[in-house]
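Participant: need coordinates for the below:
(one chain, ligands or ions: 1)
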Amino acid sequence: MAPRKLIRNKADLAIAGAPPAFAEPMHVGRPNIADPEGYLGMIRGMLESRMFTNHGPLVQAFEARLAEALDVEHVVVMCNATIALEIAVRALGLTGDVIVPSYTFIATAHSVYWQGLTPLFADIDPDTHCLDPASVERMITSRTSGIVGVHLWGRTADVEALQDIADRRGLKLMFDAAHAFGVTRGGRKVGSFGACEVFSFHATKFLNSLEGGALATNDAELAEAARKMRNFGFHGYDNVIYPGTNGKMVEACAAMGLANLAKLDTLLEVNRRNYRLYAEGLSGLPGVKLLEYSAEEENNYQYVVLEIHPDSPANRDEIVEALHAENVLARKYFWPGCHRMKPYSDLYPWADAHLPRTNEVASRVVVLPTGMAASPQDVEQICAVIRTLCS
Ligand code: T4K
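Facilitator: The predicted structure is shown next:
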């Protein structure tokens, strides 16, 4: 896919009638395929063994490697993170109300709602985009049983403050770590904070297993309950002790996870390179701020997040529209916030008034393509579009 000449002025933009910068769409979340041959080798082995699912050798190996990589005692892999979140909520025995951020992917809220519980939306800190502990504390009532923090964009939530609230108020704390594989906080790997943490290995994620997720914990009892719940609640043959579900990961997914995990350094290198090129390409633009990652922590740089502030010459929606016209399918994650989507907008029409920072942040974010499918030239071209619009 050869990009055309670098965009230099507004007349070069597709919204001005010129052809788009990219002949093929540039996606946010184009899957990484780090080792196709290694993957195909495992798939051949799987076909020969005729062991396709139900905790086969590839799933077992994937769980063992993940536990090592995350520095955690127990990893229970599942078919996706949404089911893993639902199982975590069940296995923790949450009841009544559970506090979650609204500024997150809808799966965080749905996983609570699908267990017959009430997700209550707390506001975020506009600097970190993660839960504001003060807002969480204000929402606690006698019906509250737990908090689900989210490490949004792979930047960790205020783990210590949330744990302090949970301890003082007798609540359970778990984390949606869907974005945070390979991330540290205070030098400690995400995976063992709170009662448990849930990762996503969806195709669009830093580490992908086609579809997949995992619950990580140092709590042996919780891990055992989750293991049984992902397998219909079976405890041995012919005996069911939980209302479980089918949350099993298939062998073909574990193979992809294993192949990518073995090349994690390459994936990280590519993301870091792209992030640096975006930072250079967009520096100095008025009103355009690239979300930063702490230099002291490890991060996966999976998301390249721009905040468009009011002093930008083009607003967020104009930038997204122009990028789409150029075939750059930038995303407005996580606009408009869970509280403005069904069923929550009907259930809590008042929530909007309580979430000013969520509304503000959701209205100014643009997420840009990165990962193996975005070359340095692609990043340069995308920056050129944004510079042309915003200079
Ligand atoms: N918690 C958080 C905080 C999350 O962000 C997520 C998922 C979850 C929980 C739940 O995890 P999982 O249950 O999915 O394991 C995508 C992903 O589907 C979703 O996993 C992810 N977060 C979310 C942030 O992004 P959509 O609806 O934006 O996906 P979609 O179909 O628009 O795909 C994104 C782009 O990726 C498209 O432009 C096309 C491209 N793509 C996608 C797939 C699947 C490809 O090029 N190839 C592919 O195979 O949700």
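Participant: show me what contacts the residue nearest to Asp311 when sequence neighbours are not counted?
Facilitator: Of all residues beyond its chain neighbours, the one nearest Asp311 is Gly287 (4.1 Å), with distances taken as CB to CB, 6 or more residues apart in numbering. Heads up, the C-betas are built off the backbone N, CA and C, glycines and all. Contact analysis of Gly287 by CB atoms under 8 Å, 6 or more residues apart in numbering lists 308-313, 390.
Participant: how close does the spatially most central residue of the chain sit to Leu222?
Facilitator: Centre of the chain computed as the mean C-alpha position; nearest residue by CA atoms, centre = their mean is His179, 3.1 Å away. From His179 across to Leu222, the span is 22 Å (CB to CB, to the nearest Å).
Participant: check Val367 too.
Facilitator: On the measure of CB to CB, Val367 and Leu222 end up 33 Å apart.
Participant: now Ala14
Facilitator: For Ala14, the distance to Leu222 - CB to CB - is 51 Å.
Participant: check Ser111 too.
Facilitator: 16 Å.
Participant: neighbour count: the two, which is higher?
Facilitator: Neighbour count, other CB atoms under 10 Å: between Ser111 and Leu222, Ser111 has more, with 26 against 20.
Participant: my read: the more buried one touches Val89, true?
Facilitator: Yes: at 6.1 Å, Ser111 and Val89 qualify as touching, with contact defined as CB atoms under 8 Å.
Participant: which neighbours do the two share?
Facilitator: By CB under 8 Å, 6+ apart, no residue touches both Ser111 and Val89.
Participant: wait, a strand at Val305?
Facilitator: Yes: according to DSSP: H, G, I helix; E, B strand; the rest coil, Val305 belongs to a strand.
Participant: please renumber so the chain begins at 3
Facilitator: Yes, from this point I'll number from 3; that puts the last item at Val307.
Participant: what's opposite it in the beta bridge?
Facilitator: Val307 has these beta-bridge partners by DSSP bridges: Val369.
Participant: contacts only, for it.
Facilitator: For Val307, the contact set (CB under 8 Å, 6+ apart) comprises 155, 292-293, 367-370.
Participant: swap in 7 Å and give it another go.
Facilitator: 155, 293, 367, 369 (CB atoms under 7 Å, 6 or more residues apart in numbering).
Participant: what separates the second one from the ligand, distance-wise?
Facilitator: Leu293 sits 15 Å away from the ligand, going by CB to the nearest ligand atom, to the nearest Å.
Participant: pLDDT wise, what is that residue at?
Facilitator: Looking at Leu293, its pLDDT is 97.
Participant: check the first one too.
Facilitator: Here the pLDDT value assigned to Trp155 is 98.
Participant: same check on Lys7?
Facilitator: On the pLDDT scale, Lys7 gets 63.
Participant: same deal with the one 10 residues further on?
Facilitator: We note a pLDDT of 91 for Ile17 in this prediction.
Participant: quick check: nearest residue in space to Cys54, chain neighbours excluded?
Facilitator: Quick fix: residue 54 is Phe, not Cys. Glu253 (5.4 Å).
Participant: how much space between that neighbour and the ligand?
Facilitator: Taken as CB to the nearest ligand atom, the span from Glu253 to the ligand is 18 Å.
Participant: hmm, that residue is touching Asn56, no?
Facilitator: No: counting by CB atoms under 7 Å, Glu253 sits too far from Asn56 to count as a contact (9.1 Å).
Participant: neighbour-wise, which of these two wins?
Facilitator: Neighbours per residue (other CB under 10 Å) separate Glu253 from Asn56, with Glu253 holding more: 24 against 10.
Participant: give me the next element, helix or strand, following the longest helix anywhere in the chain.
Facilitator: Ordering each helix of the chain by length in residues (DSSP state H) puts helix 266-283 first. Using DSSP states H and E, the helix or strand that directly follows helix 266-283 along the chain is strand 290-292.
Participant: now for that following strand, which elements pack on it?
Facilitator: Applying 3 or more CB pairs under 7 Å, 6 or more residues apart in numbering; DSSP states H and E, one finds that strand 290-292 contacts strand 306-310.
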